[in-house]
Structure formats: C-alpha cells, structure tokens
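test case, fold it:
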Amino acid sequence: MKKLLATLLLALTGLTQAVAKENITIIYAFGVGDSVANYSRTLVEEANRLQDKYNFMFDVKPGGGQVVAFNYVKNTPDTILMGSGAYWLRPIFYPTQSYDVNEFRTILTQCNLPFAMASSKYTTWKDVPKDQPVTIATAGLGVGTHLMALEIIKKYPNATVIPYKSTVDGLMAALGGQVDFATGFVSDLEKFSNDPSKGKLNIFGVTGPKHIKNYPPLSSSGFSSRLDRMNSPINLMVPRSFSDAKAHEIREILLKAESKKSVRDSYAIDYCDAYQVPEKDLSTWWADQNHFWNELTTGLGKLDQ
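Coordinates of the predicted model:
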C-alpha cells in the first residue's frame with residue numbers, strides 16, 4: 001500500500017509540474033503553409049527539448065500585413081511576434097490602418113531572407129508586355145513582397161498588385177493562371193520550377209545583391225538597385241511592456257535552440273542568412289531597421305490616402 005501511495009504521489013507531482021509549465025506562443029503573421037513558418041516550428045521544438053519551465057508553441061494569425069498578428073500579440077500575454085521587414089513597412093504605407101512600431105521591441109534576430117519572383121505564363125522579362133495589364137501576387141499590402149512588386153511596376157506601369165494572405169496563396173494563383181506573377185520564398189517557388197508535374201514556374205530573379213543558384217538579382221535585369229537591399233530581417237519581437245527579466249530568460253532559451261541544426265537547416269532551405277545581434281545591441285539594431293525601411297521607401301508615399 002505504501003508503495004502504491006508513493007507511486008501515486010510521484011505521478012501527481014509530475015502532473016502538477018507539467019500543468020505548471022508556462023505556455024509561450026510564437027505567432028507568425030502569414031500563412032501556415034509558408035516555408036518561413038518552419039523557422040519557428042523547429043525553434044519551439046528545440047526549445048522544448050532544452051528545458052522544462054516553459055512550453056513553447058507556434059501559431060499563425062494572418063491578415064492585414066502583420067496587423068492581425070500585431071494586435072493579437074499586443075493583447076495576449078506570453079506571446080511573441082515573429083516579425084519581418086513588413087513590421088516597419090506596413091505603418092509606412094498604411095499609417096491609418098496599422099499600428100505604432102514603437103510598441104514592440106526585438107528580443108532575438110534570426111536571419112535575413114531573400115524574396116523571389118516567378119511566373120507560369122512568361123519565361124523571360126522580354127516576354128512580359130509593357131503595354132498590357134500584368135498582375136503580381138503579393139502576401140498582402142504593406143509587406144516585403146508588396147515593396148518588391150512596386151519596384152517592378154516602375155518598369156511595367158500596367159502591372160497591378162493582387163494581395164493574398166500568404167505567399168503560398170499567391171503561388172497557387174499563379175499556377176492556376178489567376179495572376180501572371182507570384183512573389184515569395186525561393187524554396188516554395190523551387191518546388192514547382194524544378195518539378196513540371198506539379199505545374200511549371202519560371203523563377204525570374206531574387207532580391208539581394210547576389211545570385212542564388214542560377215537565379216540572378218532582380219537589379220541585374222534593369223530594375224532599381226533598391227531591390228538589392230530588400231531582403232527581410234526575420235526576428236522575434238515582444239511588446240515593450242513585456243518583463244525585461246522574462247524576455248532575457250526566454251531569449252537565452254531560444255538562443256540555444258536557434259543554434260541547433262534543425263533550425264539552421266530550416267533557414268538554409270530558404271537561403272536565409274543567419275545572424276545574431278548581441279542583446280546589448282538590439283535596441284540600436286531595432287532603431288537602424290526603423291530608419292532603414294523608412295529610407296528605402298522614400299518617394300513611394302502613403303498608400304491609404
């Protein structure tokens with residue numbers, strides 16, 4: 001009987017400890033099918049292997065160019081926003097339909113992500129008419145792929161942006177012939193450019209200053225050199241009201257998880273260059289990003305007026 005009671009007590013103690021775990025959820029602002037979502041999926045898996053205090057989880061809240069995710073994290077305790085360049089872009093383009101960027105701060109940088117552009121209708125830029133309508137799918141409005149499309153439109157003035165909730169939705173629209181171009185992540189587009197049985201896509205180029213495989217920088221096709229600077233900084237952000245001590249503790253856990261092979265492999269699939277800003281420099285890095293995206297969009301104007 002004593003052994004039985006001891007076993008039950010041990011089981012109840014373990015159950016209490018499990019229940020006592022605090023949930024921390026990383027929120028991605030776009031579609032669950034995006035390859036970029038795997039960065040945080042693998043991150044929470046590794047973080048949960050490393051410790052027993054927190055139960056890390058992953059979820060998505062797409063819509064509004066990160067507005068839906070921002071508001072959710074702002075109003076929901078123990079949540080973290082998986083941010084990108086769209087965090088700064090959305091309020092620049094849509095100041096009356098966004099948020100105050102100063103309400104959040106970065107606790108962990110992850111990697112610098114290039115975008116790509118592809119078409120199932122056209123093979124080369126020479127095939128694309130400048131005097132006829134052309135449609136470009138983006139992952140919403142006021143996001144990195146939207147900014148990318150605006151640079152393409154400068155050379156193709158009859159082109160129109162068609163916003164979707166995610167890059168995958170836009171990709172499917174391009175494969176189905178609903179739009180002429182898809183913008184998105186290299187690995188997502190490669191699935192179809194390398195396998196004609198799934199539907200043929202031709203990758204026209206990438207953001208950033210260098211080739212990725214045989215995909216040239218878009219700037220080398222006669223577009224603005226601004227495109228060389230449009231890779232997106234993937235980082236984890238919390239409201240400024242988030243406890244400093246707790247943010248530091250969570251950062252240390254995620255920093256160890258982020259160094260694991262599974263996480264780094266998820267970056268590599270998208271050619272996302274990993275980089276880590278020291279904690280003491282994160283405020284400066286955040287301010288630099290805020291300045292950078294404002295400077296990069298100079299002359300493009302507000303789009304909600």
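
which residues touch the residue most central in space within the chain?
Most central in the chain under CA atoms, centre = their mean is Ser84, positioned 5.0 Å from the mean C-alpha point. Ser84 makes contacts with 29, 66, 113, 143-144, 232-235, as judged by CB atoms under 8 Å, 6 or more residues apart in numbering. Bear in mind the C-beta positions are built from the backbone N, C-alpha and C, glycine included.

could you do Asn71 as well?
Asn71 makes contact with Tyr99 under the criterion CB under 8 Å, 6+ apart.

name the element it belongs to?
helix 67-75 (DSSP states H and E).

buried residues in that helix?
Going by neighbour count (16 or more other CB atoms under 10 Å), the buried part of helix 67-75 is 67-70, 72-74.

let me have the residues you listed in a markdown table, extended by pLDDT.
A markdown table is the format used below for the buried residues of helix 67-75 (pLDDT from 0 to 100):
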| residue | pLDDT |
| --- | --- |
| Val67 | 95 |
| Val68 | 95 |
| Ala69 | 96 |
| Phe70 | 97 |
| Tyr72 | 98 |
| Val73 | 98 |
| Lys74 | 97 |
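
which SSE is Ile153 in?
Going by DSSP H and E, Ile153 is part of helix 144-155.

what is that helix packed up against?
The contact analysis (3 or more CB pairs under 8 Å, 6 or more residues apart in numbering; DSSP states H and E) places helix 144-155 against helix 86-93, strand 134-138, strand 159-163, strand 181-184.

just the CA trace of that helix, in PDB.
Extracted in PDB, the C-alpha atoms of helix 144-155 (Å, rounded to 0.1, in the frame of the first residue of the first chain):
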ATOM      1  CA  GLY A 144       8.100  43.000 -48.300                       C
ATOM      2  CA  THR A 145       6.700  41.300 -51.400                       C
ATOM      3  CA  HIS A 146       4.500  44.400 -52.000                       C
ATOM      4  CA  LEU A 147       7.500  46.700 -51.900                       C
ATOM      5  CA  MET A 148       9.300  44.400 -54.300                       C
ATOM      6  CA  ALA A 149       6.300  44.500 -56.700                       C
ATOM      7  CA  LEU A 150       6.200  48.300 -56.500                       C
ATOM      8  CA  GLU A 151       9.700  48.400 -57.900                       C
ATOM      9  CA  ILE A 152       8.700  46.000 -60.800                       C
ATOM     10  CA  ILE A 153       5.800  48.300 -61.600                       C
ATOM     11  CA  LYS A 154       8.100  51.200 -62.200                       C
ATOM     12  CA  LYS A 155       9.300  49.400 -65.300                       C
END
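
now that helix and strand 134-138, what's the angle there?
On the basis of axes from the mean of the first three to the mean of the last three CA atoms, to 10 degrees, helix 144-155 is oriented at 160 degrees to strand 134-138.

break this structure down into its domains, please.
20-112+233-296, 116-229 (automatic domain parsing).

what mean pLDDT does the shortest one have?
In this model, domain 116-229 carries a mean pLDDT of 93.

okay, how far is it across it, tip to tip?
By CA to CA, to the nearest Å, the extent of domain 116-229 from end to end equals 13 Å.

centre of the chain to that domain, how far?
In terms of CA atoms, centre = their mean, to the nearest Å, the centre of domain 116-229 is found 17 Å from the chain centre.
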